[in-house]
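K.L.:
how would this look folded up:
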Amino acid sequence: MKKILTAILIIITFFIIYFLQSNFFTWFTISGVMPNLFIIFVLWIGLFIGKKTGLICGLIFGIYIDILIGKQIVISGIMLGLIGLIAEYIDKNFSKDSRLTIMLIISASTIIYETGMYAFQIIKWGVNIEILAFLKILLLETLFNVIISIILYPLITKLGNFAESKFKTKTIMTKYF
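P.N.:
Alright, predicted model coming up:
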């Protein structure tokens, strides 16, 4: 029952983030660039709940975003699913308890997402390659996401540890090496 309630809260959180992303953060842009809260959210799901859930949520949320925005279908889902999948592997190798680690993970995830989206636009529509403009957007969005992660770090870890206790089972290795 608690897993179902947590899953419902994840869906409600997605819609709150969608509202913030599409309405609130459009007022706070630098050179037309705003933070991408979906990257942080899917990364949070992958880190604290698991890679399968992160992958599935990333795919579903990304496809839903693509349908609402209508620019390119499925590519956001693929990129967010990739972020959710990578998050579980990051979880096994790095500590989630460090603010610096979370900031670096969010930076790397933002770079992966934006690079993938830009590469898709180049391949699909033959967009002119403008490296300086892309690097400016990438830098600003990464900076925005890191600032938001610094502000929301206590909430991210508190809710993450709660979700992790509900979804992940702790296994103890009984074999000694």
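
K.L.:
quick one: contacts for the most centrally placed residue in the chain?
P.N.:
When CA atoms, centre = their mean is applied to the chain, the residue found nearest the centroid is Ile39 (2.2 Å). Residues in contact with Ile39 (CB atoms under 8 Å, 6 or more residues apart in numbering) are 80, 83, 106, 109-110, 113, 145. (C-beta placed from N, C-alpha, C; glycine too.)

K.L.:
Could you list the low-confidence segments of the protein?
P.N.:
Within the chain, the segments meeting pLDDT under 70 span 1, 70-71, 168-177.

K.L.:
Please enumerate the helices of it.
P.N.:
With DSSP state H as the criterion, the chain has helices at 2-19, 37-48, 51-69, 75-93, 99-125, 131-167.

K.L.:
now, of the ones you listed, which is deepest in the fold?
P.N.:
helix 37-48 (a mean of 26; mean count of other CB atoms under 10 Å).

K.L.:
Helix 131-167 and that helix, what's the angle between them?
P.N.:
40 degrees (axes from the mean of the first three to the mean of the last three CA atoms, to 10 degrees).

K.L.:
export helix 37-48 as PDB, just CAs?
P.N.:
Output in PDB follows, covering the C-alpha atoms of helix 37-48 (Å, rounded to 0.1, in the frame of the first residue of the first chain):
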ATOM      1  CA  LEU A  37      13.500  20.100 -13.500                       C
ATOM      2  CA  PHE A  38      12.600  16.900 -15.300                       C
ATOM      3  CA  ILE A  39      16.300  15.900 -15.400                       C
ATOM      4  CA  ILE A  40      16.600  16.400 -11.700                       C
ATOM      5  CA  PHE A  41      13.400  14.500 -11.000                       C
ATOM      6  CA  VAL A  42      14.200  11.500 -13.200                       C
ATOM      7  CA  LEU A  43      17.700  11.400 -11.800                       C
ATOM      8  CA  TRP A  44      16.200  11.400  -8.300                       C
ATOM      9  CA  ILE A  45      13.900   8.500  -9.200                       C
ATOM     10  CA  GLY A  46      16.800   6.500 -10.700                       C
ATOM     11  CA  LEU A  47      19.100   7.200  -7.700                       C
ATOM     12  CA  PHE A  48      16.700   6.500  -4.900                       C
END
